[in-house]
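K.L.:
What follows is a protein structure lacking sequence information:
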């Protein structure tokens with residue numbers, strides 16, 4: 001594995017012009033080249049950091065949502081569902097990995113965390129709400145805004161398994177999100193990124209002043225950050 005002080009990382013870094021902002025196509029092509037240098041035994045995750053001119057401390061400036069990436073995330077998503085009665089059968093039939101109600105809540109309280117997404121029917125939020133301290137910090141709390149509190153379990157499970165990601169701006173106004181794996185073709189990574197950034201741009205809060213899209217950086221788990229040209233993105237959203 002390459003570390004940030006490792007020889008492979010330094011070699012990859014020489015490929016990146018720190019003073020340049022790359023087009024989307026150039027950026028993901030370059031990312032592919034750097035991951036060929038910084039090879040690991042596993043398929044690295046490709047993440048983007050989107051720096052927004054917002055103040056998330058104000059509720060009316062929070063940017064939060066979910067989007068289905070056209071080429072998926074490259075990760076096999078494990079889905080936990082809170083439901084009761086017939087809805088449990090519906091969830092199981094749709095491919096949920098674990099289904100339950102109070103029994104599942106108890107398992108989670110005791111340390112069970114073998115899932116990547118949590119979906120709940122609205123009538124189960126009383127039970128799920130008690131898990132806020134466990135699920136909240138991990139970004140796993142079901143939310144109607146991201147489609148994870150719903151009666152349409154089949155649709156929610158299908159989307160989660162098919163490449164749906166959730167995102168929200170952190171305190172500094174930065175959105176971090178995965179857009180695929182280093183094994184993906186640059187074109188597929190770019191299409192996934194465009195799907196995400198198009199939604200983020202549409203979600204600009206009316207109360208946000210000044211420059212909305214301040215910067216975008218893309219990187220693989222063990223690769224250097226590559227800055228993308230925000231002018232290219234802004235031009236598409238005028």
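P.N.:
Cool, the structure landed. Remember, predicted model here, so these are calculated numbers, not experimental data.

K.L.:
Next, count neighbours for residue 58.
P.N.:
Residue 58 has 11 neighbouring residues, counting by other Cβ atoms under 10 Å. In this view, the C-beta of every residue, glycine as well, is placed from N, C-alpha and C.

K.L.:
OK, contacts around it?
P.N.:
residue 207 (Cβ atoms under 8 Å, 6 or more residues apart in numbering).

K.L.:
Residue 235: neighbouring residues, count only.
P.N.:
For residue 235, using other Cβ under 10 Å, the count is 9.

K.L.:
now the one 3 residues further on
P.N.:
Other residues near residue 238 come to 4 when the count uses other Cβ under 10 Å.

K.L.:
and if you look at residue 146?
P.N.:
22.

K.L.:
same check, this time on the one 10 residues further on
P.N.:
Residues within reach of residue 156, counting by other Cβ under 10 Å, total 27.

K.L.:
That one reaches residue 146, doesn't it?
P.N.:
No - in this structure, residue 156 is not within contact of residue 146 by Cβ atoms under 8 Å, at 9.5 Å.

K.L.:
Might you quantify the distance of the longest helix anywhere in the chain from its chain's geometric centre?
P.N.:
Counting residues, the longest helix found in the chain (DSSP state H) is helix 186-202. Centroid displacement of helix 186-202 relative to its chain, using Cα atoms, centre = their mean, to the nearest Å, is 12 Å.

K.L.:
Does the most centrally placed residue in the chain belong to a helix, a strand or coil?
P.N.:
With distances taken as Cα atoms, centre = their mean, residue 177 lies nearest the centre of the chain, 3.5 Å away. What DSSP: H, G, I helix; E, B strand; the rest coil gives for residue 177 is strand.

K.L.:
For it, name its beta-bridge partners.
P.N.:
Residue 177 has these beta-bridge partners by DSSP bridges: residue 48.

K.L.:
In contact with it, which residues?
P.N.:
Contacts of residue 177 (Cβ under 8 Å, 6+ apart): 47, 48, 50, 165, 167, 196.

K.L.:
any low-confidence regions in the protein?
P.N.:
Scanning the chain with the threshold set as pLDDT under 70 gives 1-5.

K.L.:
Quick one: the strands in the protein, in order.
P.N.:
45-52, 64-68, 79-82, 98-100, 117-120, 164-168, 174-181, 213-220, 226-228 (DSSP state E).

K.L.:
Residues in contact with the last one: which ones?
P.N.:
Same thing as strand 226-228. Residues contacting strand 226-228 (Cβ under 8 Å, 6+ apart): 16, 20-24, 27, 30-31, 34, 215-219.

K.L.:
Find the residue closest to residue 197 in space, skipping its chain neighbours.
P.N.:
residue 233 (5.9 Å; Cβ to Cβ, 6 or more residues apart in numbering).

K.L.:
How many neighbouring residues does the one you found have?
P.N.:
20.
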